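Participant: Sequence first, then the predicted structure:
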Amino acid sequence: MIFLESIISAILSSILIASTGYYAEKFRITTLSFCVAHAALAGASIGLILRVDPTYSGMVLAVSSAILLGIVLPRIQAKEVLTLSLFSFFSAVALIAIYISNTTVLATTTLSMVLWGSILAVDVNKLVMLSIVLLAFLLYLRRFKFQIDSMIFDRDLAEAEGVDVYSHTLALLAFMGVAIALALRITGGFLIFALLYIPIASALLVFDTAKGQLMASIAFATTASTLGFLVSYTFDLPIGSSITIVAASILLLSAVVRKCRFHSILGSRF
Amino acid sequence: MRVRLERVYVAYSGSRRPTIRDITLSLDRGIHVITGPNGAGKTTLLETMIGLLKPYRGEAYLLGVNTKSRNVFRVRRKCSYVPQDFMKPPTEAYTGMDVIRLGLIFNRDGLNSINELAERLNAIDLLEKPFGKLSGGQQQKIMIIRALARNPEILLLDEPFSSLDSDTRRSLCEILEDYRDRLVVIVSHDTSKIGRIADGIVRMEEGRIVDIS
């Protein structure tokens, strides 16, 4: 039963994280999404001290920092500097929180969930929550499909034509905060990028169309989490690291496919 | 006034020097051309009008709404803007028609006018081609059709004639004649192409308005 819950959670997390990662890349807020991921890690670590469920404490800090950054960043000039500084700050907070928490053994389920993910960390409640968030995100995408497509085509033009770019960016960041906090149980805080960025990076190498990139990104993330889960289960390795290794292998394969395709185009021209 | 700027100063992020300074301008209707040498601040002025750039001093109003207000996006739905040298790479998979449709999210009636506008601008054969594979001039035609199909109250065009052939240029001038009861603002470094249909000419130099005629 735990096996089934975990594998379904891994698949749902990868769909949610890969699709939010795709939109983060297209909205040009990838650095911001990394910052939010570290806020989730810091929040989850603080949860260890406060003895609350790390998913909820991670979610609170991730969503609040995402929304705050979304409000503050358009008003300041040094956006990258602030984002990268917070990125380091949240990492430091996470490590300090882990250090001063009473979790003395690194292999405990709670701590390993925060750091590198755990198969045992998934329960039915989190699975239900993950399903609800995924459904809400899909409904949001469906409701605002054309406005979001317009932003993907050209963000400035969409803004000039009356799309509420600001609110959509905040909404995406909030979804991302929740998604990252929930996926933290599977991949762990240090490796959440594996699902957030590697699938879309692979998809960009192989597909040119927006639809192809989104679908491939989700397919790559799902493949990485399923295979990573099986590798972790079979060889008793940390699940987050296993998912990351598989995702990185897909990225490498995508690069090879792109190179072969490039050479075949050149070959047909000469 | 559809567009009103009061003692506006705008600087790009990271720069301490204002790109446009002390601009006061009110435009309500007719075709107005903003002209001046390269670097005079023409595009900055246009982007300030639509609210993509916010003044750090002074106030800008679009259809009566301050462009610093959160709600400015609502009035932008009554405006169209065609940026200068708008180019998408060959990997852009949308067709010309898709690109136009994306501009009509809030003006679905505009779908009925696409074919007529495309015919007048000699762009019918571009509608079903991949937008990214069109030339610069062809992409510009699609963007102009997109802007016009929105049936805007305010039409802002940045160097719209730069890549158009003379026939299309003439057709566009004829179409713009129908917009005299609204507000059309055209940025052009060369008034010989547009001056004859203009109701007003705003001349800029070094970020300031030096002449309004």
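Facilitator: Great, that's in hand. Residues are numbered from 1 along each chain as shown, chains lettered A, B, ... in the order given.
Participant: Is any residue of stretch B:124-143 near chain A?
Facilitator: No: judged by Cβ under 8 Å from any Cβ of the partner chain, stretch B:124-143 stays clear of chain A, getting no closer than 8.5 Å. (Glycine included, C-beta is placed from N, CA and C.)
Participant: What's the mean pLDDT across that stretch?
Facilitator: Stretch B:124-143 carries an average pLDDT of 92.
Participant: And for it, what's in contact with it?
Facilitator: Applying Cβ atoms under 8 Å, 6 or more residues apart in numbering or on different chains, the set of residues contacting stretch B:124-143 from outside is B:82-83, B:85-100, B:114-115, B:118, B:121-123, B:160, B:162-165, B:168.
Participant: interface residues of the stretch 1-150 of chain A facing chain B?
Facilitator: The stretch 1-150 of chain A comes close to chain B at residues A:77, A:146-147, A:149-150, as judged by Cβ under 8 Å from any Cβ.
Participant: Of the residues you listed, which is the most crowded?
Facilitator: Neighbour counts for these peak at A:S150, which has 25 neighbours (criterion: other Cβ atoms under 10 Å in any protein chain shown).
Participant: Quick check: chain neighbours aside, which residue is closest to that residue?
Facilitator: Using Cβ to Cβ, 6 or more residues apart in numbering or on different chains and skipping residues adjacent in sequence, the residue nearest A:S150 is A:A158, 4.2 Å away.
Participant: Look up which helix or strand the one you found falls in, please.
Facilitator: Assessed by DSSP states H and E, A:A158 sits inside helix A:155-160.
Participant: How far off centre is whichever helix or strand comes after that helix?
Facilitator: Per DSSP H and E, the first helix or strand lying C-terminal to helix A:155-160 is helix A:165-187. Distance, stretch centre to chain centre, for helix A:165-187: 8 Å (Cα atoms, centre = their mean, to the nearest Å).
Participant: now do stretch A:51-60
Facilitator: Taking mean C-alpha positions (Cα atoms, centre = their mean), stretch A:51-60 and its chain are 17 Å apart.
Participant: What of stretch A:43-63?
Facilitator: How far stretch A:43-63 lies from its chain's middle: 17 Å, per Cα atoms, centre = their mean.
Participant: Send me that stretch as CSV with only the CA atoms.
Facilitator: Extracted in CSV, the C-alpha atoms of stretch A:43-63 (Å, rounded to 0.1, in the frame of the first residue of the first chain):
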residue,chain,number,x,y,z
GLY,A,43,10.1,26.3,6.1
ALA,A,44,10.2,22.5,6.3
SER,A,45,13.4,22.7,8.4
ILE,A,46,11.8,25.2,10.8
GLY,A,47,9.0,22.7,11.1
LEU,A,48,11.5,20.3,12.6
ILE,A,49,12.2,22.8,15.4
LEU,A,50,8.5,23.7,15.9
ARG,A,51,7.5,20.0,15.8
VAL,A,52,4.8,20.7,13.1
ASP,A,53,4.4,18.8,9.9
PRO,A,54,7.3,20.1,7.7
THR,A,55,5.0,20.0,4.6
TYR,A,56,2.8,22.7,6.1
SER,A,57,5.6,24.9,7.5
GLY,A,58,7.4,24.6,4.2
MET,A,59,4.2,25.5,2.4
VAL,A,60,3.6,28.6,4.5
LEU,A,61,7.1,30.0,4.0
ALA,A,62,7.2,29.0,0.3
VAL,A,63,3.9,30.6,-0.6
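Participant: buried set for it?
Facilitator: By 16 or more other Cβ atoms under 10 Å in any protein chain shown, the buried positions in stretch A:43-63 come out as A:43-49, A:54-55, A:57-63.
Participant: ok, now stretch B:84-101?
Facilitator: Going by neighbour count (16+ other Cβ under 10 Å), the buried part of stretch B:84-101 is B:86, B:88, B:92-101.
Participant: List the neighbours of that stretch that are in contact with it.
Facilitator: Residues outside stretch B:84-101 that contact it (Cβ under 8 Å, 6+ apart): A:153-154, A:157, A:208-211, B:43, B:102, B:111, B:114, B:123, B:126-134, B:136, B:138-140, B:142-143, B:145-146, B:149, B:158-159, B:162, B:187.
Participant: quick check: longest helix of the chain.
Facilitator: In the absence of a named chain, chain A is used. Using DSSP state H, we find that the single longest helix of chain A is helix A:239-269.
Participant: oops, chain B please
Facilitator: The longest helix of chain B (DSSP H) is helix B:136-149.
Participant: Buried residues, it. List them.
Facilitator: Buried residues in helix B:136-149, counted by 16+ other Cβ under 10 Å: B:138-149.
Participant: Give me the three-state assignment for B:V184.
Facilitator: Counting by DSSP: H, G, I helix; E, B strand; the rest coil, the backbone at B:V184 sits in strand.
Participant: I'd say it and B:G30 touch.
Facilitator: Yes: judged on Cβ atoms under 8 Å, B:V184 makes contact with B:G30 at a distance of 7.3 Å.
Participant: Of the two, give the one with the bigger neighbour count.
Facilitator: B:V184 (25 against 16).
Participant: Nearest spatial neighbour of the closest residue to chain B within chain A, chain-adjacent residues omitted?
Facilitator: Residue nearest to chain B within chain A (Cβ to the nearest Cβ): A:G162, separated by 3.3 Å. In this structure, A:G162 finds its nearest non-sequential neighbour in B:R77, 3.3 Å apart by Cβ to Cβ, 6+ apart.
Participant: wait, what's in contact with the one you found?
Facilitator: Contact analysis of B:R77 by Cβ under 8 Å, 6+ apart lists A:161-162, B:106-107.
Participant: if we go to 10 Å?
Facilitator: Counting by Cβ atoms under 10 Å, 6 or more residues apart in numbering or on different chains, B:R77 touches A:161-163, B:105-107, B:150, B:152-153.
Participant: Which pLDDT value belongs to it?
Facilitator: With respect to pLDDT, B:R77 has a value of 96.
Participant: If you count contacts, what does the longest helix of chain A end up packed against?
Facilitator: On a contact count with 3 or more Cβ pairs under 10 Å, 6 or more residues apart in numbering or on different chains; DSSP states H and E, helix A:239-269 meets helix A:2-26, helix A:109-116, helix A:165-187, helix A:193-196, helix A:198-206, helix A:210-235.
Participant: Kindly compare burial across the ones you listed and name the winner.
Facilitator: Of all these, helix A:193-196 carries the top mean neighbour count, a mean of 28, counting by mean count of other Cβ atoms under 10 Å in any protein chain shown.
Participant: which helices and strands sit right next to that one?
Facilitator: Against helix A:193-196 (3+ Cβ pairs under 10 Å, 6+ apart) you get helix A:2-26, helix A:30-50, helix A:165-187, helix A:210-235, helix A:239-269.
Participant: got these as CSV, with mean pLDDT columns?
Facilitator: Listed next are these as CSV, based on pLDDT from 0 to 100:
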stretch, mean pLDDT
helix A:2-26, 85
helix A:30-50, 86
helix A:165-187, 86
helix A:210-235, 90
helix A:239-269, 82
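Participant: out of those helices, which comes closest to B:I34?
Facilitator: Closest to B:I34 of the helices and strands packed on helix A:193-196 is helix A:165-187 (Cβ to Cβ; 25.2 Å).
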